[in-house]
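K.L.:
got a predicted model here, sequence first, then my questions.
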There are 2 protein chains.
Amino acid sequence: MKTRIALIAIMTFAVGLAGLAFASPTVEDQIKARQSAYTFMGWNMARIRAQVIDNEVEFNADQIRAAANAIAATANSGMSAMYSPESVEGTGWKPTRLKAEFFDELDRVGEIAGNFIQQANALAEVAELGDADAIATQFRATADSCGACHRNYRASE
Amino acid sequence: MKTRIALIAIMTFAVGLAGLAFASPTVEDQIKARQSAYTFMGWNMARIRAQVIDNEVEFNADQIRAAANAIAATANSGMSAMYSPESVEGTGWKPTRLKAEFFDELDRVGEIAGNFIQQANALAEVAELGDADAIATQFRATADSCGACHRNYRASE
């Protein structure tokens, strides 16, 4: 079942790259949309981290469930529509940090994206059960799946 | 049932304003997070609009379902944590456009936010059924619920 989900995710990603999801967004729109999506996911990751990793904030199962659902729905939203080869250069909220290798290595990108989607879905599932330790474990796996793309395809600031 | 959902949404909003969802985000973080969340929702609204209102892009039920889920999960993510009275001034990706009245009229804000959440949830539900006309109708109701806040609490650019 897990394998099937990953395969579908990769296929969705590949299809998305072939045909943009809506009519002619500009490169600026695409970059701004993906910077927004990642910032929004980062905000929600930080909320979960504060409760189950850093223990700075009291554990609140409802807040974690909402944050994890937001991350998973964003991951599954068809983010490939935010990427076109032209968007390797340009400015959304700030200049893009996407490396040119991204478009030369789409098979590998698809695998990394597929794994990220799978980990985000698993985080939403485990958040539903409300066990802080299990959420912490899956939080780390999800953060690592984000990092796989950052390490390979995001330039340092 | 609809009334019950709206009431819970308003309560969640009010509770969120009282206690931030994670430890000490800066005003800049809050403004950047909300600008990101609204931009991400706007991107997904545009995808749905292109398919069921403007008919610029061929109808794709899977894409619409994914976009509507992303909007609903964002609406339900606990966005009140992105607002503190201090954040009425400041710069995230750009200077905030939030009007000061927002914090003077929290009951009304709660009603508007509750209605927005309800309409976004209804859009996700109708997207699940895949009927383009029904999606178009609920898209308009959702867009109008966004507009209620824009008209009252967002300064013109």
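P.N.:
All right, it came through fine.

K.L.:
for chain B, see how far away residue A:52 is.
P.N.:
11 Å (Cβ to the nearest Cβ, to the nearest Å). Just so you know, the C-beta spots here come from the backbone N, C-alpha and C atoms, and that holds for glycine as well.

K.L.:
then residue A:120?
P.N.:
For residue A:120, the distance to chain B - Cβ to the nearest Cβ - is 11 Å.

K.L.:
give me the mean pLDDT for the host helix or strand of residue A:126.
P.N.:
For residue A:126, the host element (DSSP states H and E) is helix A:106-129. Helix A:106-129 comes out with an average pLDDT of 98.

K.L.:
which parts of it are buried?
P.N.:
A:106, A:109-124, A:126-127 (16 or more other Cβ atoms under 10 Å in any protein chain shown).

K.L.:
can you check stretch A:53-65 too?
P.N.:
Result for stretch A:53-65 [16+ other Cβ under 10 Å]: buried residues A:53, A:57, A:60, A:63, A:64, A:65.

K.L.:
what's the neighbour count on residue A:86?
P.N.:
Look at residue A:86: counted by other Cβ atoms under 10 Å in any protein chain shown, it has 11 neighbours.

K.L.:
verify the contact between it and residue A:27 for me.
P.N.:
Yes: judged on Cβ atoms under 8 Å, residue A:86 makes contact with residue A:27 at a distance of 5.2 Å.

K.L.:
helices of chain A, residue ranges please.
P.N.:
A:2-18, A:27-52, A:61-75, A:101-104, A:106-129, A:132-153 (DSSP state H).

K.L.:
out of those helices, deepest packed?
P.N.:
When those are scored by mean count of other Cβ atoms under 10 Å in any protein chain shown, the highest mean neighbour count falls to helix A:61-75 (a mean of 24).

K.L.:
is that one in proximity to chain B?
P.N.:
Yes: contact of helix A:61-75 with chain B (Cβ under 8 Å from any Cβ of the partner chain) involves A:63, A:66, A:67, A:69, A:70, A:72, A:73, A:74.

K.L.:
stretch A:84-98 too?
P.N.:
Yes: shown here: stretch A:84-98 in contact with chain B (Cβ under 8 Å from any Cβ) through A:93, A:94.

K.L.:
verify the stated contact: residue A:100 with residue A:85.
P.N.:
No: look at residue A:100 against residue A:85 with Cβ under 8 Å: they stay out of range, at 9.1 Å.

K.L.:
show the contacting residues for the residue of chain A most remote from its centre.
P.N.:
Largest separation from the mean C-alpha position in chain A: residue A:58, at 25.5 Å (Cα atoms, centre = their mean). Residue A:58 sits next to residue A:51 when contact means Cβ atoms under 8 Å, 6 or more residues apart in numbering or on different chains.

K.L.:
give me phi/psi at it?
P.N.:
phi -60, psi 140 (degrees, to the nearest 10).

K.L.:
just to revisit the earlier point, what's the closest of the residues of helix A:61-75 next to chain B to residue B:136?
P.N.:
residue A:73 (21.5 Å; Cβ to Cβ).

K.L.:
residues contacting the closest residue in space to the closest one that isn't next to it in sequence?
P.N.:
Leaving aside its chain neighbours, residue A:73 sits nearest to residue B:73 (3.4 Å; criterion: Cβ to Cβ, 6 or more residues apart in numbering or on different chains). Contact partners of residue B:73, counting by Cβ under 8 Å, 6+ apart, are A:66, A:69, A:70, A:72, A:73, A:74.

K.L.:
now residue A:69
P.N.:
Contacts of residue A:69 (Cβ under 8 Å, 6+ apart): A:124, A:127, B:73, B:76, B:77.

K.L.:
which ones are touching the closest residue to the fourth one other than its chain neighbours?
P.N.:
In other words, residue B:76. Spatial nearest neighbour of residue B:76, excluding adjacent residues (Cβ to Cβ, 6+ apart): residue A:66 at 5.7 Å. For residue A:66, the contact set (Cβ under 8 Å, 6+ apart) comprises B:73, B:76, B:77, B:78.
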